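> Using only what follows, build the 3D model:
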Amino acid sequence: MRNSPYLVEIRLHPIKSLDGVTVPESRIGPAGGLELDRVWALYATDGQCITGKRTAEVHPIRAAFAPDVSSVTLSATGKRHNVQPQTFAFPGDFASAAEWFSEYFERRVVVRYAAEGFPDDTIRNGPMVVSTATLRTVSDWFPEIGVDGLRRRFRTPLEIGGACAFWEDRLFGVHESDAVRFTIGDVTLEGTNPCPRCVVTARDPLNGVEWVGFQKRFSDLRRAHYPHWACAPDRIRHFYHLGINTRVAPTEFGKVLRVGELIDCEPTSG
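Down below sits the predicted model:
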């Protein structure tokens, strides 16, 4: 482990709610998120976005991306095994991919593409941050899941090495207006708030099976391990939070984040 925090992993989720892919570098996109992150989204004919929050049918879908994210191979497990795997150019072949998803869901599905992505939060427009040590600590609470399983559940784009558990909790203040500025290489981000989590993180991301009691156990242990040096926990009322949301100013759009780059932020006592 290095003496200074550094960017150890970049993980894109190019299709909203589906599998991720690790990349060695990523450009800040035209809306502040990572380029190619969540740029496809699935929609039903009633206009509702099809996500893991809305339906567990999403979880058996596997999306395997080329290393340069130029293509994606879609396949399905479980009861949908009769849907044949198929490879599509990414991100341009979204119309053809819609036919595959329509066959899988057995209803018409529209795939939309937007270069700026389909983020859950357009105000906190930057990539979320978590440390590797945080994931390792949480994996001690849930050894059946392991670190890689937690990465799939919590889907955090930027992972920080060379830092203590819950290091990222220094990246927010008492009020959201008290944003904490930090840099990764030459990219400036602002930490804004601890990210509240939803029901999806309690499910096995491969099959959608829910772990009964996961949310309560996580919250209890998160409260017990809250760092003494972190901001007063008034903004983590239920403690089912992991990772820090960020904002990225337009001045940073187009800049590149690279694995291995050092992180600099305001000094803390932690």
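> ok, what's across the strand from V111?
Beta bridges link V111 to L42, judged by DSSP bridges.
> What is the burial count for it?
The local packing of V111 (other C-beta atoms under 10 Å) involves 23 other residues. Every residue, glycine included, has its C-beta placed from N, CA and C.
> For F94, see how far away it is.
Distance, V111 to F94, by C-beta to C-beta, to the nearest Å: 4 Å.
> Please, where are all the strands along the stretch 151-270 of the chain?
Counting by DSSP state E, counting those that start in this stretch, the stretch 151-270 of the chain has strands at residues 158-161, 180-184, 187-196, 241-247, 256-258, 263-265.
> that older thread, anything in contact with each of V111 and F94?
Overlap of the contact sets of V111 and F94 (by C-beta atoms under 8 Å, 6 or more residues apart in numbering) consists of W40.
> so where do the helices sit in the stretch 51-200 of the chain?
Ranges of helices in the stretch 51-200 of the chain, per DSSP state H, counting those that start in this stretch, are 94-105, 132-141, 146-154.
> Next, the angle strand 187-196 makes with the last one.
Using axes from the mean of the first three to the mean of the last three C-alpha atoms, to 10 degrees, the interaxial angle of helix 146-154 with respect to strand 187-196 works out to 90 degrees.
> same thing with the second one?
Regarding helix 132-141 and strand 187-196, their directions subtend 20 degrees when assessed with the same axes, to 10 degrees.
> So what's the gap between helix 132-141 and the chain middle?
Centroid separation for helix 132-141 versus its chain: 16 Å, with C-alpha atoms, centre = their mean, to the nearest Å.
> Which positions in it come out as buried?
With burial defined by 16 or more other C-beta atoms under 10 Å, the residues of helix 132-141 counted as buried are 132-135, 137-139, 141.
> can you list contacts of it?
Taking C-beta under 8 Å, 6+ apart as the rule, helix 132-141 contacts 8-9, 145-147, 149-151, 154, 159-161, 163-168, 217-218, 221, 225, 242.
> Quick check: bridge partners of S71?
On the basis of DSSP bridges, S71 is bridged to A89.
> Could you report the neighbour count for it?
Residues near S71, counting by other C-beta under 10 Å: 15.
> From what I see, it and G92 are in contact.
No - with contacts counted by C-beta atoms under 8 Å, S71 stays clear of G92, the gap being 10.1 Å.
> Packed most tightly, which of the strands of the stretch 151-270 of the chain would that be?
By mean neighbour count, with neighbours taken as mean count of other C-beta atoms under 10 Å, strand 241-247 ranks first of those at a mean of 24.
> list the helices and strands it packs on?
On a contact count with 3 or more C-beta pairs under 8 Å, 6 or more residues apart in numbering; DSSP states H and E, strand 241-247 meets strand 126-131, strand 187-196.
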